[in-house]
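1. below are the sequence and a predicted model for it; my questions follow.
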Amino acid sequence: MSTLDSLSRRAALAAGQPISELMRQALAHPELISLAAGFVDQATLPVEATRAAFDEVFHDPRWAQAALQYGTPAGHLPLREAVLAALVENDGAAIAGQHLSVEQVLVTAGSNELLHLLVDTLCDPGDIVLVPEPTYFVFLGMLRNLGVRAIGVTADEQGLVPEALDEELARLAGTGELARVKALYVVSYFDNPSSVTLSEERRGPVVETIKRHSRHGTIRIIEDAAYRELRYGGPNPPSMRSFDAEGDTVVLTETFSKSFSPGIRVGWGFLPRDLVEPLSDQKGNIDFGSPNLSQHVMAAVMDKGLLRPHVEKLRDNYRKKLAATLAACEEHLRPIPGVHWSPPRGGLYVWLTLPDEIATGPGGTLFEHAVEEGVLYVPGEYSYAGQPHEARTNTIRMSFGVQSVERIRRGVEGLTRAIRRTLEQ
Ligand SMILES: Cc1ncc(COP(=O)(O)O)c(C=O)c1O
């Protein structure tokens, strides 16, 4: 009997995530310039701000002891109040007047935990979650792991296309599967992998389309705003949540991983009222509350006004790296016919479309040439649901967060050589 036979069906489905192959390559070839890893820039991680926040928490032994005790499944109240205040400030007039209660804020160990909890709470095996094409491949892996079907909906440079969403929901109604649709998942700012932001004009229509097809309030929107703070220019449209005046449809998920530190592992969500108890119950089964010490530290970071200046520093740093990436793309990739990208104004990624005949997947010629030329990237095909449309095989996600400007430049040069060699074959 193999170990696999001794595992649950779900554990078996968790195996073979695409990211494992990339990590294997990165470990096997440490000399490679990885434009694959979606990490934040280690050099920008906020050591001093975190030390100051720890000092604040440990200054008063009673506060320190409270932080070292178990917390509650919902999370540390001052932190929940602070993130709600930040949401209200960020969304401004668009959300003013809506009744938002701190009871609806749930803190989790990063937003990944919340995404998992949400799918686990909303979906049974065989249910459907709609996703834009392309979408966050870790989320796709999570759906697979839970036996949930992902169905792709067309997206363009303005994000998810409301008419395509409408058509897909009508198609599913026609096949009798509408009742199995439990959610639409959207990374609403600077998407991972495409860096597309859902345009302000489309936010209302997307929310309205879901509400119209959701006969008994059974379809939710999971709005993943992980990259909202990584904005280097352009507008800051109000959240999709702000377009849900009844507050019964959109679940907003956010995280401090990109704006402060992923190691702190603090994410949070703003939930429709009827989901607060089911999610808290589910969460209580798992963790008795997310790491309480981290939550006290993040509350102190916010209370001492340390977050905003840090975000400004991050923006300056990533703005330069994005500019370097785009300049290298212009210089080296632009001359190759059929290579396209849309310059993003935030996030950590540039999404490349290559000529149709180039397959970017692992084991393919381009991937091999790229490794030989010293570069790793994320094949775009991981980011597609694969139904009802086939995955596009000629796309690439390049991350610019981790590498220095010099290595980004060399990485794009290496990738360009790999593309040219592949085209010449
Ligand atoms: C779109 C998106 N959502 C959620 C996450 C999860 O982040 P965390 O669990 O660190 O909050 C990530 C991480 O890269 C992401 O890219």
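-> That came through, no problem. Numbering: from 1, shown residues only.
2. got the residues of the stretch 201-350 of the chain near the ligand?
-> Proximity of the stretch 201-350 of the chain to the ligand, by Cβ under 6 Å from any ligand atom, involves residues 224, 226, 255, 257, 262, 267. C-beta: built from backbone N, CA, C; applies to glycine.
3. got those residues as CSV, with neighbour count and secondary structure columns?
-> Shown next, in CSV, are those (neighbours: other Cβ atoms under 10 Å; DSSP: H, G, I helix; E, B strand; the rest coil):
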residue, neighbour count, secondary structure
224, 29, strand
226, 27, coil
255, 27, strand
257, 20, coil
262, 16, coil
267, 25, strand
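4. of the residues you listed, closest to residue 332?
-> Minimum distance to residue 332 across those is 29.5 Å, recorded for residue 226 (Cβ to Cβ).
5. quick check: bridge partners of the closest residue to that closest one other than its chain neighbours?
-> Residue nearest to residue 226 in three dimensions, not counting chain neighbours: residue 255, with 5.1 Å by Cβ to Cβ, 6 or more residues apart in numbering. Note on residue 255: beta-bridge partners by DSSP bridges are residue 267.
6. find the nearest non-adjacent residue to residue 345, please.
-> For residue 345, the closest residue by Cβ to Cβ, 6+ apart turns out to be residue 234, at 4.0 Å.
7. farthest-apart pair in the residues of the stretch 201-350 of the chain next to the ligand, please.
-> Counting by Cβ to Cβ, the most remote pair of those is 224 and 262, 15.0 Å apart.
8. which parts of stretch 123-139 are buried?
-> Neighbour counts over stretch 123-139 (16 or more other Cβ atoms under 10 Å) mark 123, 127-139 as buried.
9. now the stretch 301-425 of the chain against the ligand: closest residue?
-> The ligand sits closest to residue 348 of the stretch 301-425 of the chain, with a gap of 8.1 Å, by Cβ to the nearest ligand atom.
10. looking at the chain, which helix or strand is least sure?
-> Lowest on mean pLDDT, DSSP states H and E among the helices and strands of the chain sits helix 18-28, with a mean of 74.
11. show me what that helix is in contact with.
-> Residues outside helix 18-28 that contact it (Cβ atoms under 8 Å, 6 or more residues apart in numbering): 32, 34, 36-37, 137-138, 141, 362, 371, 376, 378-379, 382.
12. now, those residues that are in strands?
-> Under the assignment DSSP state E, these contribute 34, 376, 378, 379 to strands.
13. switch these over to JSON lines; also include neighbour count and pLDDT.
-> What follows is the ones in strands among the contacts of helix 18-28, written out as JSON lines (neighbours: other Cβ atoms under 10 Å; pLDDT from 0 to 100):
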{"residue": "34", "neighbour count": "23", "pLDDT": "92"}
{"residue": "376", "neighbour count": "23", "pLDDT": "94"}
{"residue": "378", "neighbour count": "27", "pLDDT": "95"}
{"residue": "379", "neighbour count": "26", "pLDDT": "95"}
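14. may I see the residues you listed organised as TSV, with distance to residue 415 added?
-> What follows is the ones in strands among the contacts of helix 18-28, written out as TSV (distance: Cβ to Cβ, whole Å):
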residue	distance to residue 415
34	12
376	10
378	12
379	12
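15. turn those residues into a markdown table, including distance to the ligand.
-> Formatted as a markdown table, these follow (distance: Cβ to the nearest ligand atom, whole Å):
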| residue | distance to the ligand |
| --- | --- |
| 34 | 15 |
| 376 | 17 |
| 378 | 11 |
| 379 | 17 |
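16. if we can go back for a sec, I'd assumed residue 346 was in contact with the residue nearest to residue 345.
-> Yes. The pair residue 234 and residue 346 passes the contact test of Cβ atoms under 8 Å, sitting 7.3 Å apart.
17. what do the two both touch?
-> Common neighbours of residue 234 and residue 346 (Cβ under 8 Å, 6+ apart) are residue 197.
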